[in-house]
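**Q** quick one, fold the following:
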Amino acid sequence: MNAIGIAVLVVGIITTLIGGIRFLLAAFEEGVWWGLGVLFVPVVPPIFLILRFGEAWRPALTFVAGFALILVGSFLRAAATVHI
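**A** A predicted model of the protein is given here:
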């Protein structure tokens, strides 16, 4: 169970990184100021997602799916260490 948790965790981390990079690239393709805003200002990514939903929904969904995998992998690892 621990090895499966680690594998899911690693896949989640990679998926989250890919989604985040793709989201950042979509912002920079829209404009330099969007890209810098998404990179440095915490409130800009949700605004960018709402205003440019057509370009940003796939990377955002990839990021969220990766985060969900990270949570699942973490829970699997925690369950593997609990001994009853």
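**Q** tell me the centre residue of the protein?
**A** Taking Cα atoms, centre = their mean as the criterion, Phe63 is the residue nearest the geometric centre of the chain, at 2.5 Å.
**Q** go through the host helix or strand of it and flag the buried ones.
**A** Using DSSP states H and E, Phe63 sits within helix 53-81. Neighbour-count burial for helix 53-81 flags 55-56, 59-60, 62-63, 66-67, 69-70, 72-73, 76-77 (criterion: 16 or more other Cβ atoms under 10 Å). Any C-beta I mention is one placed from the backbone N, CA and C, and that applies to glycine too.
**Q** what comes up buried for the helix or strand harbouring Gly5?
**A** Assigned by DSSP H and E, Gly5 belongs to helix 2-30. Within helix 2-30, the residues scored as buried using 16+ other Cβ under 10 Å are 5, 8-9, 12, 15-16, 19-20, 22-24, 26-27, 30.
**Q** dump those into CSV; add pLDDT and distance to Leu51 as well.
**A** Formatted as CSV, those follow (pLDDT from 0 to 100; distance: Cβ to Cβ, whole Å):
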residue, pLDDT, distance to Leu51
Gly5, 92, 38
Val8, 96, 33
Leu9, 96, 33
Gly12, 98, 28
Thr15, 98, 25
Thr16, 98, 23
Gly19, 98, 19
Gly20, 97, 19
Arg22, 98, 17
Phe23, 98, 13
Leu24, 98, 16
Ala26, 97, 12
Ala27, 97, 11
Glu30, 96, 9
